[in-house]
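Asks: No sequence on hand, only this structure:
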Ligand code: HEM
């Protein structure tokens with residue numbers, strides 16, 4: 001698996017600092033020379049424009065390149081929940097917190113869309129899927145995602161996750177030192193391959209697919225955001241890998257489709273795509289093998305780095321010097337109680353009862369969402385409403401942004417917001433429930449994450465197997481939590497994340 005620092009292609013994977021810097025440079029280089037606010041929008045109360053010096057577009061660009069989080073911090077302090085940063089010839093309007101971001105999450109694709117800000121992913125996902133199609137076709141394709149990831153299917157995925165986790169940790173031995181981010185990334189690519197790409201890939205073609213996936217990953221460089229088709233080696237390797245992937249899946253899909261109707265079917269995301277049919281608007285046809293390949297690549301990227309990072313942060317907090325004494329005993333007790341009731345087995349229903357582990361993961365995701373900024377392009381102006389009830393008009397042509405990282409640290413929403421405290425989601429407190437869109441680690445509303453249950457299950461499987469089998473101690477930084485690596489496209493902990501494990505005698 002490629003290092004997290006070099007990841008690439010899922011649409012929202014590119015929302016870290018590197019991407020934002022590249023994206024705003026693109027806007028600077030390619031935009032028209034004036035902030036083009038339509039005249040009907042100009043008459044309304046517009047968001048305050050951040051003071052970025054005598055050449056605002058350039059000033060905004062410089063601020064962004066230093067890091068979007070510092071821009072947000074400065075502007076939020078001065079202007080509040082809604083503000084615009086001039087970047088080159090474009091306006092980036094921020095909607096911060098659960099009040100202002102309502103429209104971001106609820107607005108229709110026709111009014112605010114992802115396509116314009118994420119379409120440079122087309123060479124990686126391929127033609128004819130996701131950002132290379134109009135909204136209607138995309139909606140049909142996303143119904144196939146929803147079908148593949150619905151809870152009923154999750155039961156069999158969870159069994160496969162458990163099998164992979166047992167196999168993986170059995171190889172660890174009695175004691176040792178590992179980089180936990182590296183190890184969990186490897187395990188997650190194994191489980192994701194099995195559940196998403198299918199048995200044929202996991203059992204026979206894993207090395208080959210993994211190699212091609214690596215080239216796709218490396219094919220998304222910051223320059224790719226500006227010029228996705230620039231003739232550089234990384235892009236040539238990416239294009240070759242995309243074709244290889246298509247050839248590999250063409251054969252698998254053909255074989256699966258050639259099976260007799262009464263043959264036993266595989267239980268994986270690939271099979272859902274193989275059987276899916278578009279509506280009559282598109283002739284009721286099957287997906288082509290190339291479309292299926294694109295959808296699988298998107299799903300693989302969606303689950304891989306986000307889940308590896310979230311499981312790593314969860315482990316780091318629980319094994320850290322500061323928090324292990326406070327929270328680990330309760331988590332271990334939860335495992336003992338579950339074992340007392342259900343034995344050693346792990347399945348979907350049993351994992352669903354691990355409320356405390358669930359909150360421990362959710363709290364890690366609150367403090368460290370791997371996707372630090374989400375964006376849309378505004379096709380029709382709309383009013384955003386602040387917590388004070390002020391209406392501020394966001395004009396057509398703006399790029400709107402919201403930030404899980406920033407919103408999750410607002411004291412107005414989460415008490416003592418910088419502290420790791422899984423109990424904040426527990427009965428009696430439920431700080432995330434007081435207002436919709438307070439917790440946006442999985443996005444929210446219209447385009448909220450379709451893999452949320454999958455991700456919780458995946459992280460809970462590996463954490464419960466780990467907790468049952470081993471004791472841990474965080475070694476890096478003298479046992480303190482590492483800093484986030486904001487240079488990465490998907491923001492995870494800065495490595496090394498060295499941990500010592502020792503096999504348990506008993507739980
Ligand atoms: C901890 C792990 C994960 C995190 C933090 C996460 C986060 C997110 C976020 C923030 C979005 C919204 C993006 C936006 O609004 O622009 C999203 C969308 C999405 N995620 Fe995830 N994700 C995770 C795991 C997964 C997994 C495992 C899958 C699939 C197997 C998946 C599939 C998707 C899909 C298909 C969408 C697009 C939904 C749409 O546009 O309608 N994600 N995810």
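Replies: Right, received. Where do you want to start? None of these values were measured; they are calculated from a predicted model.
Asks: Could I get the contacting residues of the residue of the stretch 201-350 of the chain found nearest the ligand?
Replies: When scored by CB to the nearest ligand atom, the stretch 201-350 of the chain has residue 303 as its residue closest to the ligand, at 2.9 Å. C-beta here means a position set from N, CA and C on the backbone, and glycine is covered the same way. By CB atoms under 8 Å, 6 or more residues apart in numbering, the residues touching residue 303 are 188, 192, 196, 451, 454, 455, 458.
Asks: now, which of the residues you listed sits nearest the ligand?
Replies: Nearest to the ligand among the contacts of residue 303 is residue 451, at 2.0 Å by CB to the nearest ligand atom.
Asks: Show me which residues of the stretch 201-350 of the chain sit near the ligand.
Replies: Remark: the part of the stretch 201-350 of the chain in contact with the ligand comprises 299, 302, 303, 306, 307, 310, using CB under 6 Å from any ligand atom.
Asks: Could you list the low-pLDDT ranges of this structure?
Replies: 1-36 (pLDDT under 70).
Asks: Do you have the strands of it handy? List them.
Replies: Assigned strands in the chain, in chain order: 82-87, 90-95, 112-113, 175-179, 374-378, 382-385, 391-394, 399-402, 470-474, 498-503 (criterion: DSSP state E).
Asks: Is the fifth one in proximity to the ligand?
Replies: Yes - part of strand 374-378 sits near the ligand under the criterion CB under 6 Å from any ligand atom, namely residue 374.
Asks: and residue 127, what is it in contact with?
Replies: By CB under 8 Å, 6+ apart, the contact set of residue 127 is 290, 294.
Asks: what phi and what psi does the backbone show at it?
Replies: Main-chain dihedrals, residue 127, degrees, to the nearest 10: phi -70, psi 150.
Asks: and residue 304, how many neighbours?
Replies: Using other CB atoms under 10 Å as the criterion, residue 304 is surrounded by 26 other residues.
Asks: Grab the nearest non-local neighbour of it.
Replies: Spatially, and ignoring its direct neighbours in sequence, residue 304 is nearest to residue 192 (5.7 Å; CB to CB, 6 or more residues apart in numbering).
Asks: what's the answer for residue 79, then?
Replies: Nearest non-adjacent residue to residue 79 (CB to CB, 6+ apart): residue 48, at 4.3 Å.
Asks: Please name the spatially closest residue to residue 113 (chain neighbours excluded).
Replies: Spatially, and ignoring its direct neighbours in sequence, residue 113 is nearest to residue 377 (5.5 Å; CB to CB, 6+ apart).
Asks: does that neighbour really touch residue 119, like I thought?
Replies: No - under the contact definition of CB atoms under 8 Å, residue 377 does not touch residue 119, with a separation of 10.0 Å.
Asks: which helix is the longest one in this protein?
Replies: The longest helix of the chain (DSSP state H) is helix 289-319.
Asks: Tell me how far the residue nearest the centre of the chain lies from residue 479.
Replies: Taking CA atoms, centre = their mean, the centroid of the chain lies closest to residue 306, which sits 4.5 Å from it. Using CB to CB, to the nearest Å, we find residue 306 at a distance of 26 Å from residue 479.
Asks: cool, and residue 454?
Replies: Distance of residue 454 to residue 479, computed by CB to CB: 32 Å.
Asks: And residue 361, by the same measure?
Replies: Using CB to CB, we find residue 361 at a distance of 21 Å from residue 479.
Asks: Which of the two has more residues huddled nearby?
Replies: Summary of the neighbour comparison: residue 361 and residue 479, criterion other CB under 10 Å, with residue 361 having more neighbours (26 against 14).
Asks: what's the more buried one in contact with, if anything?
Replies: Residue 361 makes contact with 310, 311, 314, 456, 459, 460, 463 under the criterion CB under 8 Å, 6+ apart.
Asks: One more: residue 366?
Replies: Remark: with contacts taken as CB under 8 Å, 6+ apart, residue 366 is in contact with 408, 414, 432, 439, 441.
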